[in-house]
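Trainee: pasting a predicted model and its sequence here:
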Amino acid sequence: MKKCLTVGIACMAALLATSCGDNGHREAEELLACAERLYADGNYRACLDSITSLRTRYAEAVEVRHKALKLWQDASLKMTQEDIARTDSALQAVTAQYNAAQTIRERNFIGIKKDSLQIRYDALCGTVRVIHRRQQEE
């Protein structure tokens, strides 16, 4: 956590240092480099936030935004895969509870949670398939 905070502060310092320049391309490159460091540190949410900021602040830096698209897809994929792992673990635990339930009432309440987790799991897997398809298109 401390390392992510340090990287974030370094990114902001780099942006402030380059913000006086006359070319938005250089600032966009700095923000992309910051996003790449956040991705390398495994801080995918902050990486996506940096790319969103890049898209908003430097709309004219098309080349940099194009580079950021691949990073966006990679960070989204990693974040979704982590979410799939958490959801799968929860689904397995709830399925075990469902199978061990003694009464119909218990099965019904646990079944609602199980169904919800299954739908979430299926949706996340669909998101991964879409990201993979878009990565292959490029």
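Mentor: Cool, the structure landed. Residues are numbered from 1 along each chain as shown.
Trainee: which helix or strand contains residue 51?
Mentor: Using DSSP states H and E, residue 51 maps to helix 44-57.
Trainee: in that helix, which residues are buried?
Mentor: Of the residues in helix 44-57, 44, 46, 47, 48, 50, 51, 54, 55 count as buried by neighbour count, 16 or more other Cβ atoms under 10 Å. For the C-beta atoms, the positions are set from N, CA and C on the backbone; glycine is no exception.
Trainee: quickly find the element holding the nearest residue to the last one once chain neighbours are set aside.
Mentor: If I follow you right, that is residue 55. Residue nearest to residue 55 in three dimensions, not counting chain neighbours: residue 65, with 6.1 Å by Cβ to Cβ, 6 or more residues apart in numbering. Element membership of residue 65, judged by DSSP H and E, is helix 62-100.
Trainee: that helix packs against which elements?
Mentor: Packing contacts for helix 62-100, counted by 3 or more Cβ pairs under 8 Å, 6 or more residues apart in numbering; DSSP states H and E, involve helix 24-40, helix 44-57, helix 104-137.
Trainee: relative to helix 62-100, how tilted is the shortest one?
Mentor: Helix 44-57 runs at 150 degrees relative to helix 62-100, counting by axes from the mean of the first three to the mean of the last three Cα atoms, to 10 degrees.
Trainee: show me what helix 44-57 is packed against.
Mentor: Using 3+ Cβ pairs under 8 Å, 6+ apart, helix 44-57 sits against helix 2-18, helix 24-40, helix 62-100.
Trainee: compare the helices and strands packed on helix 62-100 and give me the one nearest residue 95.
Mentor: When those are compared by Cβ to Cβ, helix 104-137 sits nearest residue 95, at 6.0 Å.
Trainee: quick one: distance of that closest one to the chain centre.
Mentor: Mean-position distance between helix 104-137 and its chain equals 17 Å (Cα atoms, centre = their mean, to the nearest Å).
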